[in-house]
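*Asks:* with the input below, show me the fold.
(chains A, B and C, ligands or ions: 2)
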Amino acid sequence: MILPKLDYKKAKSLEEAIEYFEKSNGEAAYFAGGTDLIPRIKLRLRTPSLVIDLKGIEEMVGIKKTDEMYVIGANTTIFELKNSEIIRENLPTLYEACAQTSCEVLQMRGTIGGNILQDTRCLFYNKSLTWRRAKGFCYKMGGNVCHATGGKNVCYANYSSDLATALLSLGSKLVIVGKDGQRKCDFEEILTGKPEKPFNLRQGEIVKEIIIPGGKRQGAFEKIRIRGSIDYPLINGAFTMDSKGGKLVVGAIGSKPCVYSVETIEEERVKILSETVFNDLKPVNNTVVSPVYRKKMGKVIAIKLIEKTKKGA
Amino acid sequence: MRNRKISFTVNNEKVTLHVRPYETLLETLRERLLLTGAKEACGLGSCGACTVIVNRKPVRSCLILTLEVEDAIIETIEGLKKNGNLHPLQKAFMEKGAVQCGFCTPGMIMTAKSLLDRNSRPNRSEIIEAISSNLCRCTGYKKIIEAVEDVCSKE
Amino acid sequence: MEEELYVVGKRVPRTDSIYKVTGAAEYTADIKLPNMLIAKVLRSPYPHAKIVNIDISKAKRVPGVKAVITGKDGYGVKWGVFKYTQDHMMLPIDKVRYVGEDIAACAAIDEETAQEAIELIKVDYEPLEPVFDPEEAMKDGAPLIHEGYPRNINIHVHIEVGDVDKAFKEAHYVREDKFRAQGEAYAMLEPYACVAYYKNGYLDLWMPNAGPHVRAKALSNLLKIPLNRIRVRHVFIGGAFGGRSEVAPADFIVSLLSIKTERPVKLVMSREENAISSRQVHDVVARIKTGVKKDGTIVARDYEVIYDGGAYSSTGPIAASVPFYVYEECYRMANVRYHGYRVYTNKGIRGMYGCHGRAFLAGCEAQLDLIAKELGLDPIEIRLKNGLRAGEETATGSKIISCGLQETIEEATKKVDFKNKWKKATRLKGVGMGCVAIMCGFPMGFRSGSSCSVKFNDDGQATIITAIVDNGQGNESMAIQIASEVLGIPMEDINIINADTEATSLDPGAYSQAATFVGANAVKRACEDARRQIAEIAREKLSCEIKDIVIKERMVFSRKNPENKIPISWIVREAFLRGKPIIGVGSYFPNIDLKREWVSKPFGQMAGSFSYGTSVAELTVDENTGKIKVHKFIAAHDCGRPINPMAVEGQLEGGIMQAGIAAIMEGNIWHNGFLMNPDLLEYKIPTAKDMPDIETVLVTTMDPEGPFGAKEGGLTIRMSAYSAIASAFYNATGRLFKELPLTPDKVLELLQTEEG
Ligand code: FES
Ligand code: FES
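*Replies:* Ligands and ions are numbered 1, 2, ... in the order given. Purely as a prediction, here's the structure:
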């Protein structure tokens, strides 16, 4: 499958990358591993005239640990994370999410930054231009109907990052660099909840690093998929527990994972919480299994995660 | 859009080419260098048939722009045979019956090779973990796993 | 006395594998010819629409475009394997019948240019009402997809044996269920491709195919070119599984483009095109009614199976019949009624599949277990009781000359302590089995037989020439192995020329499981003929009797005096000197009833012999997530005698994945005529991580007709592995499946319904 015409530039520094972007009239796309972006361009879901390769920016690679926090460069690959002693020992939630992402060869290419900034997915959307043109463009494509639901001017595409679900449960922050300098914000803040435009980033901004609060963090990650490898989640969930309480996240349904603060994990409360999760999830028929199944799994996953964490603690 | 100049090493040979900026490594290998061992079965990163090794890492060459591999060292299935001798994996795939239609084979062997390059004695579950990056429609994977195990036990 | 064999039966590396492990094997997409053009196809965006006008003028003007064609450039011929299935023009002129149907095509200097031109073709359509569901399509008043096929019934196969209604009345217990299965994708890893090169009135072609002669015949008709001018060449093939059997629109398109330009033209489909516009597998609905006596003897069967055929006939009559036959070749059926309907719908064309008919077969076998339980029997007992044996005849009149059904059942179940596990099925953990028989070749008229010739070089090495096709299963190597055995020279001394219509004679191809039983039988006979000629000369030289001649490791000698050896090359040279070079020919035509016809006369000998197989699965069901985990899978197959055990095992292992694990993962998903998972991401081919612990057992029955006793090498598992999963699911949950695949959502739904 051939790519449409586009230019390629490799940036050696953040400044250079941003400069390239600025000159592109907003038509450029950043990429690192390319495992999400290149297929999208091949399918003509995105049509940048320039792709800016961030892999040469060295300050964006690596895992650092201090007492207060972990700092992960956005270009760190999922495979590096999975094999990092630091992550495995201290952040089981993230470790599991990495291990269950795609397959090893793609883990070696895909980066944490690219993974959390992957666009949303839908069975009606991630198709070739020919397919979509024949079906008629959906809302996310610039049309006005959502094929999955028949609804007008709505979109239910799923944000399918496993790492994001884990990172949200860990209370992560992002360091973002743009032409006006650097800013830091909660990861949750950049998620718009709009599947057609899932991220709240200003034009040309780059996620430079991910910051996770320090310490050894108990937790677990769950993912339901059809096959054991090369498969996006039908639903995923993560739970992280500290002395102050826990954070439960259920993702891959819609464009923004549901985040819950969990004060206590006694059985009755967990049951109520799992009902809340069930009620909050609004899956539609846009994956290979039924929406009601995915809804039910929210409940199952919530209970399982908390139990697993209890056992591990 | 003008073609751009790029140099890299493929199977120990240095090459300099002019490629389109939007050309994938798979296209360059197959169309320009006539190294057709790497196959395109999906073109979207889902199957691994196009796997080659770049700087000791296995990659899906259908997802990589050729311009990304400036100065890189690339290994493809065609370069595995050294001085007329098959690579142990090639031999084991033949002897253990791990090859049927063969369309997945080059990618599968390159994935397995990269595993052995970083871990010469992987256990069974590590082998399965690695080769579950590649799809095979014919074999049910049993003999592929056995072939890789066979190489490990001999090394 | 058991003959002594040197090569046959040994685990030898396949001869083709050296090409494949080095990357040297050339598949169609790898072919590059001087001056070659690249083709692209414009496809229908509508499931059902009249073609009002096609304007190609703009496309033609794109610089670099060398030809643009539409259906008007063809000859108006409709193709179909049978007289009564000729419905497919390859490039339609009247209307389109599915999303993705070929409309027009172009050839250009490169892919980008071809793509650009395709986008400039303007087609005016007049949308027609489509119909997608076969049961809907059969209703009066449903839109008609083809003229002359009322209620959209493309094929109706009706078989009736005994007195079914009476038998039901007399039955002790009767059970009726309805089962469904989503169609699968062949998902061969090689996307479809075709290269055509027309020069001086001759057309050369390369494409993945399962029978070059059948392909050439179709193209000869469609292009009105005599057979000797259409030459389908040998090429490596990246999997077929039944899906490369029929002529493809791409073949016709690329040929026409090459004829127009007199340049080589290549078309390579994308994965999505391959899924949508090559072939797919039938969705099936099966109604299964079974009546038994108290002792477990099945006395009455009534089957109605509806096959979603998509837009064209393809191998329709065969597809509408085979699931029934592989079952009646396995079990005694004194009273049986079968209605098989293949129905047109506005979806992609469906073809035969190595695992075809899972709703029917898995349905029958899972229901059988329920019946066994009802009667206080177990799955083994009820199968042994009703299974056919050598010497018996099937319901439609095929005599069975060898049968290892009982052994496969016993061997496979022994490995997991089946009886005990089945009885004590703990909640959500179960075992199950499925059995089936497979015909080794089926009636294809004069194409049912095969022939081969073998010639020798002056250094004593040989070349066999046969039309056998290798889609990846190892047929080439198998033929060489057999030749090596007969000729007494090592496999590396033998070359093969095959799958080339110019050099080889008519053959059924790798289509009807005939490669070993029919094709290799011809190879064996040709080599025996050559061997006879060698022995004639050797007898004089060694002054011994013909019957004592042994040829082994390139040497010829008398059994009585093994010290006195002559190299085979001497004899070959002697033959040249005598003006009678050693050239062996041989052919084989199986014992089949040539009057047998799929629709009009479905009775008589179906095939020369039948293979038998049993699949056993052990699995657990997660009651919270509905996920099934298959722990262990055993496949036992009676292949007569394995020529290369390693290759046969490979077929069984592949079958376990493609039919067994597929039963919990694989299925095409549709939305108003659009295929929702035409890729390798959302269509779930199992990965290495999804595979259970596998054991294979090869049962030897020494078929009296097969070459060295061999039969078909492994399809029984492709057609029974899903039954084992369905039965094990019943054992684990007390529930029959409703629809395959048993994805976790469907499992959970079943778990929440009443048992039974
Ligand atoms: S062709 Fe590259 S992953 Fe499938
Ligand atoms: S051998 Fe055919 S796909 Fe692996």
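*Asks:* quick one: low-confidence ranges for the stretch 401-550 of chain C?
*Replies:* Within the stretch 401-550 of chain C, the stretches with pLDDT under 70 are C:512.
*Asks:* quick one: contacts for the residue nearest to residue A:118 when sequence neighbours are not counted?
*Replies:* Excluding its sequence neighbours, the residue lying closest to residue A:118 (Cβ to Cβ, 6 or more residues apart in numbering or on different chains) is residue A:36, at 4.2 Å. All C-beta atoms are positioned from the backbone trio N, CA, C, and that covers glycine. Residues in contact with residue A:36 (Cβ atoms under 8 Å, 6 or more residues apart in numbering or on different chains) are A:110, A:114-115, A:117-119.
*Asks:* could you dump the residues you listed into JSON lines with pLDDT added?
*Replies:* Putting the contacts of residue A:36 into JSON lines (pLDDT from 0 to 100) gives the following:
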{"residue": "A:110", "pLDDT": "98"}
{"residue": "A:114", "pLDDT": "98"}
{"residue": "A:115", "pLDDT": "98"}
{"residue": "A:117", "pLDDT": "98"}
{"residue": "A:118", "pLDDT": "98"}
{"residue": "A:119", "pLDDT": "97"}
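*Asks:* in the residues you listed, find the pair that's most separated.
*Replies:* Across the contacts of residue A:36, the longest distance by Cβ to Cβ is 13.8 Å; it joins A:110 and A:119.
*Asks:* higher neighbour count, these two?
*Replies:* When neighbours are counted by other Cβ atoms under 10 Å in any protein chain shown, residue A:110 and residue A:119 differ, and residue A:110 comes out ahead with 26 against 21.
*Asks:* touching, the more buried one and residue A:104? I think so.
*Replies:* No - using Cβ atoms under 8 Å, residue A:110 makes no contact with residue A:104, being 10.6 Å away.
*Asks:* what is the end-to-end distance of stretch A:49-60?
*Replies:* In stretch A:49-60, first residue to last residue: 24 Å (Cα to Cα, to the nearest Å).
*Asks:* just confirm yes or no for that stretch near chain B.
*Replies:* Yes - for stretch A:49-60, a contact with chain B is found by Cβ under 8 Å from any Cβ of the partner chain, at A:51, A:53, A:55.
*Asks:* before we move on, what about stretch C:205-221?
*Replies:* No - shown here: stretch C:205-221 not in contact with chain B (Cβ under 8 Å from any Cβ), separated by at least 9.2 Å.
*Asks:* what about that stretch, how long is it end to end?
*Replies:* Using Cα to Cα, the two ends of stretch C:205-221 sit 15 Å apart.
*Asks:* that stretch near ligand 2 at all?
*Replies:* No - using Cβ under 6 Å from any ligand atom, we find that stretch C:205-221 stays clear of ligand 2, coming within 11.7 Å at best.
*Asks:* average model confidence for that stretch?
*Replies:* Regarding stretch C:205-221, the rounded mean pLDDT is 95.
*Asks:* what about that stretch, distance to the chain center?
*Replies:* 16 Å (Cα atoms, centre = their mean, to the nearest Å).
*Asks:* give the buried residues for that stretch.
*Replies:* C:205-221 (16 or more other Cβ atoms under 10 Å in any protein chain shown).
*Asks:* ok, now stretch C:147-162?
*Replies:* For stretch C:147-162, by 16+ other Cβ under 10 Å, it's C:152-155, C:157, C:159, C:161-162.
*Asks:* in strands, which of these appear?
*Replies:* Judged by DSSP state E, those include C:153-155, C:157, C:159, C:161 as members of strands.
*Asks:* ok, those residues vs residue A:72, which is closest?
*Replies:* residue C:154 (58.9 Å).
*Asks:* residues contacting that closest one?
*Replies:* By Cβ under 8 Å, 6+ apart, residue C:154 lies in contact with C:85, C:87, C:146, C:309, C:313, C:316, C:342-344.
*Asks:* in contact with residue 146, which residues?
*Replies:* All of this is about chain A. Residues counted as contacts of residue A:146 (Cβ under 8 Å, 6+ apart) are A:124, A:138-139, A:152, A:154-156, A:284.
*Asks:* try chain C instead
*Replies:* Residues in contact with residue C:146 (Cβ under 8 Å, 6+ apart) are C:87, C:97, C:152, C:154, C:344.
*Asks:* could you dump those residues to TSV with distance to residue C:668 and pLDDT?
*Replies:* Supplementary listing: the contacts of residue C:146 in TSV, determined by distance: Cβ to Cβ, whole Å; pLDDT from 0 to 100:
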residue	distance to residue C:668	pLDDT
C:87	22	96
C:97	17	98
C:152	20	98
C:154	19	97
C:344	17	98
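*Asks:* just to revisit the earlier point, tabulate the ones in strands among the buried residues of stretch C:147-162 (TSV), appending distance to residue C:634.
*Replies:* Putting those into TSV (distance: Cβ to Cβ, whole Å) gives the following:
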residue	distance to residue C:634
C:153	40
C:154	38
C:155	36
C:157	33
C:159	32
C:161	33
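*Asks:* and the two most separated of those?
*Replies:* Taking Cβ to Cβ as the measure, these reach their widest spread between C:154 and C:161, a distance of 24.0 Å.
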